[in-house]
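Participant: Sequence plus predicted model, see below.
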Amino acid sequence: KAYNLCHAPFTGGQVDRLAWCENLPVNSDAHPLKAFAIVILSIVPHAAEVEQLFSDLGGTQSAKRCNLSVRTF
């Protein structure tokens, strides 16, 4: 009920979840979930490593893949 009415502690919300976790008034040593949340929220989502792996394997752009026709498909 307090959440729907925007009463404390749900007032003045932050969109940045990482900043919210970092500003929690608890010690990360005593509360390892805080440290875990900070690590998880610090991960930058991207696919560069996966794309590099596929490129290194040569499966996306190879002579075989670039030579598709009705006969070789």
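Facilitator: In hand now; what should we look at? Numbers count the residues shown, from 1 in each chain.

Participant: which stretches of this structure aren't confidently modelled?
Facilitator: Counting by pLDDT under 70, the ranges of the chain that qualify are 1-15, 58-73.

Participant: which phi and psi does residue 46 have?
Facilitator: phi -160, psi 170 (degrees, to the nearest 10).

Participant: Work out for me the element the nearest residue in space to residue 42 that is not next to it in sequence sits within.
Facilitator: Using CB to CB, 6 or more residues apart in numbering and skipping the chain neighbours, the partner closest in space to residue 42 is residue 18 (6.4 Å). In short, each C-beta sits where N, CA and C put it, glycine included. If you go by DSSP states H and E, residue 18 is part of helix 17-22.

Participant: what's the helix or strand that that helix is followed by in contact with?
Facilitator: Using DSSP H and E, the helix or strand that follows helix 17-22 towards the C-terminus is helix 32-41. Helix 32-41 is contacted from outside by 17, 18, 21, 22, 24, 26, 27, 28, 29, using CB atoms under 8 Å, 6 or more residues apart in numbering.

Participant: Let's see that with 10 Å instead.
Facilitator: Helix 32-41 has contacts (CB atoms under 10 Å, 6 or more residues apart in numbering) with 16-22, 24, 26-29, 31.

Participant: Which among those count as buried?
Facilitator: Taking 16 or more other CB atoms under 10 Å as the criterion, what is buried in these is residue 21.

Participant: Can you name the residues that contact the residue nearest to residue 42?
Facilitator: Here residue 18 is in contact with 37, 38, 40, 41, 42 (CB under 10 Å, 6+ apart).

Participant: on that earlier part again, now for the contacts of helix 32-41: which two are most distant?
Facilitator: The most widely separated members of the contacts of helix 32-41, counting by CB to CB, are 16 and 29 (23.3 Å).

Participant: would you turn the contacts of residue 18 into a markdown table with neighbour count and distance to residue 54?
Facilitator: Shown next, in a markdown table, are these (neighbours: other CB atoms under 10 Å; distance: CB to CB, whole Å):
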| residue | neighbour count | distance to residue 54 |
| --- | --- | --- |
| 37 | 18 | 31 |
| 38 | 15 | 31 |
| 40 | 11 | 25 |
| 41 | 14 | 27 |
| 42 | 10 | 26 |
